[in-house]
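Q: here is a sequence with its predicted model. Questions after.
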Amino acid sequence: MHLKNYDFDQIRKWDNANFVHPWEGMADIGNNNRTFSESADGIYVTTETGKRLIDGPGGMWCVQLGYGNGELADAMALQARSMAYFSPFNNATSVTARLAHEIAKRTPGDLDHVFFTTGGSTAVDTALRFVHFRNNVLGKPDKKMVISRQKAYHGSTFLAASVSGKERDKGWLDQAEDLAHILPGVNPALRGPEMSLDTFLDEKIADLENAIVNIGPDKVAAFIAEPIQASGGVIIAPEGYHRRCLEVCRKHGVLYISDEVVTGFGRLGHWFASEEVFDIVPDIITCAKGMTSGYSPMGACIISDRLISEISGPASKGATFSNGYTYSGHPVSAAVALKNIEIFERDGILQHVRAVSPLFQERLNGLSDLPIVSDTRGMGLVGCVECVADSKNGDALQMDRELGYRIDAHCQNLGLILRPLINMCVFSPPLIINEAQIDQMFDILEQGIKLATDDLARGG
């Protein structure tokens, strides 16, 4: 049925009555007035009213090659017609084996073993389960604690959520508190006014080492970190942080998991950011999102050959890694991921990201001159503009939420989708965005922030 024939009043009722959305606010369930995204092309999404919007967040950090890519759609359709599904528990299939090989060619060091999952949360869950499994096989059943950071986000499955550090996500759901230890945050903007960046960095490294020593190296299994804390607000630790954390982990026999669900597949201009940008070769990398440009669900947990070799063959004790999913290595997802890689290389997508990132960061940081902007931060084609309301006469959190809502509403009216995280405007546009579109995007954001500032001045 053509878009114009849909009864969106009825569809909105169905959406409210039947579709429970992620992060659903229970106070408003059944009474939401969400925008419907009904078609899309390139970096633009078209709503149910026909309004065309720049997709600032790139879906959910994932639409690397943009919308309406016929080659990706054709690859999916061809695979679906040829063979839509295989059981990864009993068989292999060439398209998935080829994808595993292509990913292994692009990972750092000896990370050559690719375990396919359904998305980022299940990739992280798999990594954590593998770490625990490995220690059981090695005769270290007490070595299970995983260290993470405040503001880190690693997923919404039970284990992945347990090692996430976004405090407002933890209020009403249980976590495996006996398996996770959350360290203080790494946002340099929040350090004391008298503290140098070098001193702050030293403090963060000491946080990690002290935790390992105090808990006991015989009990700490892994440290997990995003190269950039994406969902936490695009928080970038001081230069050298990840390399020094890896050194501490190596010193104490703790594995390092690099969660590249957001940074993998081009967001920072490289296949993976761990080695190319942050100078580390971790023990495990998790990825998802950009590996299919969001066209089909898929994730991966990529494991070092060394870790596999220590518990395989004669050293395996007959153990089975009893972890997996019905859709692990799904052939349609694998086909689109392979085509995604092919287009990246043919069209020079990684080089394009590196070429346009300076303008993206220049325009992002230029917004710091606006009165209500408290911080701008970013790297590659990811960024955050943090705003703050005057809360002297009210609840600070509620006023920040209201400010974020107003900026979002003004920007959408002007032609831009934001992903407001309370008072933070987060950006991760499709990697195909050009310089003129970057300028347009930030022009709209600037105007939206100014209009929200005027609202606050009027008290309206």
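A: Now that the structure is in, tell me what you want to look at. Quick caveat: nothing in here was measured; it's all calculated off a predicted structure.
Q: check the residue nearest to residue 277 when sequence neighbours are not counted and give its pLDDT.
A: Distances taken as Cβ to Cβ, 6 or more residues apart in numbering place residue 268 nearest to residue 277, at 5.3 Å, with adjacent residues excluded. Where C-beta positions appear, they are placed from N, C-alpha and C, glycine not excepted. pLDDT recorded at residue 268 is 98.
Q: cool, the one 5 residues further on as well?
A: Residue 273 carries a pLDDT value of 98.
Q: then residue 4?
A: 59.
Q: and for residue 402?
A: 88.
Q: okay, and it sits in which element?
A: helix 396-414 (DSSP states H and E).
Q: adjacent strands (with direction) for the following helix or strand past that helix?
A: Proceeding N to C from helix 396-414, the next assigned helix or strand is strand 416-417, under DSSP H and E. Note on strand 416-417: by DSSP bridges, its sheet partners are strand 52-55 (parallel).
Q: need the CA coordinates for the partner strand. PDB is fine.
A: Taking C-alpha atoms only, strand 52-55 is exported to PDB below (Å, rounded to 0.1, in the frame of the first residue of the first chain):
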ATOM      1  CA  ARG A  52      12.400  15.100   4.900                       C
ATOM      2  CA  LEU A  53      15.000  15.100   7.800                       C
ATOM      3  CA  ILE A  54      18.700  14.700   8.000                       C
ATOM      4  CA  ASP A  55      19.400  11.600  10.200                       C
END
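Q: that one: how far from the chain's middle?
A: Centroid displacement of strand 52-55 relative to its chain, using Cα atoms, centre = their mean, to the nearest Å, is 21 Å.
Q: from now on call the first residue 469
A: Shifting the count to begin at 469 puts that one at strand 520-523.
Q: farthest residue from the center of this structure?
A: residue 782 (37.6 Å; Cα atoms, centre = their mean).
Q: any idea of the pLDDT on that one?
A: Residue 782 carries a pLDDT score of 95 in this model.
Q: for it, grab phi and psi.
A: Residue 782 adopts backbone torsions of phi -60, psi -20, taken as degrees, to the nearest 10.
Q: likewise for residue 579?
A: The phi/psi pair for residue 579 (degrees, to the nearest 10) is phi -80, psi 90.
Q: tell me how far the residue farthest from the centre of the chain lies from residue 605.
A: For residue 782, the distance to residue 605 (Cβ to Cβ, to the nearest Å) stands at 12 Å.
Q: what do you get for residue 478?
A: 55 Å.
Q: try residue 704
A: Distance from residue 704 to residue 605, by Cβ to Cβ: 36 Å.
Q: same question for residue 895.
A: For residue 895, the distance to residue 605 - Cβ to Cβ - is 43 Å.
Q: how about residue 635?
A: Using Cβ to Cβ, residue 635 is found at 34 Å from residue 605.
Q: who has more neighbours out of these two?
A: residue 605 (18 against 11; other Cβ atoms under 10 Å).
Q: would you agree the more buried one is in contact with residue 787?
A: Yes - using Cβ atoms under 8 Å, residue 605 is in contact with residue 787, at 4.9 Å.
Q: I'm done for today, thanks for sticking with me.
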